[in-house]
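Peer 1: Just to be clear, the model below is a prediction. Sequence and coordinates:
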Amino acid sequence: MKIDTNKDPYLMWRGLIWMALALLVPVLAFYSTPSEAGEQYVVATMASYHFDRSKEHNEQNFGLGYEYKFNEDWRVGAGFYKNSFYRHTNYVFGGYTPLTVYGTSVGLIGGLASGYTSERLDPLLGLFVTKEWSGFGVNVLIHPAALALQIKMPF
């Protein structure tokens, strides 16, 4: 069966992103130092703030997820939430946070999310800011349309 990527231009990109994520996880696990590796979090997606205030977006985006922190710079995660269009969204991401500003990690996030368009999966790209204390943490995703807030607890 031949798949025509001209009819579905996102098909090739979705396949490449999934392949990159499948290759990235074992590579990051291999290069993690044992003293920093293996932090796990249960993540609660809470809210968003949309920059375009002329539309009525859902800004109470409740959901649950999982985050695995390989080391201080690399993390991956997956979960679900109710998106800005009141639809169910599943997501998977990889985050790279090489900068630390006053104990807060700053970097980039990339992944895939469902439920936003008629496409099955859409790219998820943005700035990622995370702060972790003993017992809980906060994630903030900044992308062109909105800010998103998550809280997390280690386990």
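Peer 2: The structure has been received and is ready for your questions.

Peer 1: Per-residue pLDDT of residue 118, please?
Peer 2: Predicted confidence (pLDDT) at residue 118: the value is 75.

Peer 1: how about it, what does it touch?
Peer 2: The contact partners of residue 118, taken as CB atoms under 8 Å, 6 or more residues apart in numbering, number zero. C-beta coordinates here come from the backbone N, C-alpha and C atoms, glycine included.

Peer 1: What is the longest strand of the protein by residue count?
Peer 2: Ranked by residue count and defined by DSSP state E, the top strand of the chain is strand 88-101.

Peer 1: and that strand, what other elements does it pack with?
Peer 2: Applying 3 or more CB pairs under 8 Å, 6 or more residues apart in numbering; DSSP states H and E, one finds that strand 88-101 contacts helix 9-31, strand 74-82, strand 104-113, strand 122-132.

Peer 1: any idea how far residue 57 is from the residue sitting nearest the centre point of the chain?
Peer 2: Centroid-nearest residue in the chain: residue 93, 3.9 Å away (criterion: CA atoms, centre = their mean). Counting by CB to CB, to the nearest Å, the separation of residue 93 from residue 57 is 21 Å.

Peer 1: Residue ranges in the protein under the pLDDT threshold?
Peer 2: Scanning the chain for pLDDT under 70 picks out the ranges 1-37.

Peer 1: on that earlier part again, the residue nearest to the centre of the chain - nearest residue in space that isn't next to it in sequence?
Peer 2: residue 111 (3.1 Å; CB to CB, 6 or more residues apart in numbering).

Peer 1: Tell me the bridge partners for that neighbour.
Peer 2: In this entry, residue 111 is beta-bridged to residue 93, residue 124, by DSSP bridges.

Peer 1: That one against residue 94, yeah?
Peer 2: Yes: the pair residue 111 / residue 94 is scored as a contact, 6.2 Å apart, by CB atoms under 8 Å.
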